[in-house]
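Visitor: Using only what follows, build the 3D model:
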Amino acid sequence: MSSADISDPGHGHSPAAWVAVIMMIVAFTIGTFAFWFVSTWLLWIAGVLLVLGPIAGWVLAKVGYGVAGPRYQPKKSHE
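Guide: Numbering: from 1, shown residues only. Have a look, this model is predicted:
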C-alpha cells in the first residue's frame, strides 16, 4: 500500500490509540489479579481504569495526538 493512500485510517498507530490500549490491558491485568486474590477494592480500581482508557484516547485524539491530528508524526517507511 502506498504512503500516499489517504483512505488508510492509520490502523491505530498513534499515541492516542497506544495510550488507550495500554491502559485497558493494564486494567484487565489488574482486574485478573484482583479477581484471583479476591480484592474488591482493586477490582473497582481496574474497572475505573478500564473506563478511563478509551476516554484518555479520545481526549488525546482531540488534543491532536490521533491519526489525523497535527501533533502526530507517522514513522517513515524504509521502502
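
Visitor: any idea how far residue 50 is from residue 60?
Guide: Using C-beta to C-beta, to the nearest Å, we find residue 60 at a distance of 17 Å from residue 50. Every residue, glycine included, has its C-beta placed from N, CA and C.

Visitor: With neighbour numbers in mind, choose between these two.
Guide: Counting neighbours by other C-beta atoms under 10 Å for residue 60 and for residue 50 shows that residue 60 has the greater number, 21 against 17.

Visitor: Excluding chain neighbours, what is closest to that one?
Guide: residue 16 (3.7 Å; C-beta to C-beta, 6 or more residues apart in numbering).

Visitor: So for the residue nearest the centre of the chain, what pLDDT did the model give?
Guide: Centroid-nearest residue in the chain: residue 20, 2.0 Å away (criterion: C-alpha atoms, centre = their mean). Looking at residue 20, its pLDDT stands at 95.

Visitor: about what we covered before: so what's the residue nearest to residue 60 up against?
Guide: Neighbouring residues of residue 16 by C-beta atoms under 8 Å, 6 or more residues apart in numbering: 57, 58, 60, 61, 65, 66, 67, 69, 72.

Visitor: which residue ranges form the helices in the protein?
Guide: Using DSSP state H, the helices found in the chain span residues 15-36, 40-60.

Visitor: show me where pLDDT drops low in this structure?
Guide: Applying pLDDT under 70 to the chain picks out residues 1-12, 74-79.

Visitor: If we use 90, what do you get?
Guide: Applying pLDDT under 90 to the chain picks out residues 1-14, 65-79.
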